[in-house]
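Undergrad: sequence and predicted structure are below.
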Amino acid sequence: MAYYLKERHNPQFDKPFYVKYGPISAAHAKRLEQSIYGTNHMLHFKDKIAYETKIEELKAAGFHVH
């Protein structure tokens, strides 16, 4: 399974925030993109190293990662 990180865009906030999902199926990731309010984009990573590197980059850039 691939690793996924959700990029959440909420119209009430000035910048997106991120939610860690880790290894999930592509079908589950697709379902998580659906949103009634705002938008979600699932970021796909082939391995854990790339996934964890991206999380650290986002934190260093001042984004919230839950």
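TA: In hand now; what should we look at? Numbering: from 1, shown residues only.

Undergrad: distance of A60 relative to K54?
TA: 11 Å (Cβ to Cβ, to the nearest Å). All C-beta spots, glycine's among them, are computed from the backbone N, C-alpha and C.

Undergrad: which of those two has more neighbours?
TA: K54 (16 against 8; other Cβ atoms under 10 Å).

Undergrad: next one, pLDDT for the residue of the chain positioned farthest from its centre please.
TA: No residue in the chain sits farther from the centre than Q12, which is 18.1 Å out by Cα atoms, centre = their mean. For Q12, the pLDDT comes out at 92.

Undergrad: that one falls within a strand, correct?
TA: No. Counting by DSSP: H, G, I helix; E, B strand; the rest coil, Q12 is not found in a strand; it is coil.

Undergrad: how long is stretch 20-39 end to end?
TA: Across stretch 20-39, the terminal residues are separated by 16 Å (Cα to Cα, to the nearest Å).

Undergrad: buried residues, that stretch. List them.
TA: Y21, A29, L32 (16 or more other Cβ atoms under 10 Å).

Undergrad: the second one contacts L5, correct?
TA: Same thing as A29. No. Contact criterion Cβ atoms under 8 Å: A29 and L5 do not qualify, at 9.8 Å.

Undergrad: intersection of neighbour lists for those two?
TA: Y21, M42 (Cβ atoms under 8 Å, 6 or more residues apart in numbering).

Undergrad: the closest residue to G22 other than its chain neighbours: what secondary structure?
TA: Spatial nearest neighbour of G22, chain neighbours left out: Y3 (5.8 Å); criterion: Cβ to Cβ, 6 or more residues apart in numbering. Secondary structure state of Y3, per three-state DSSP, is strand.
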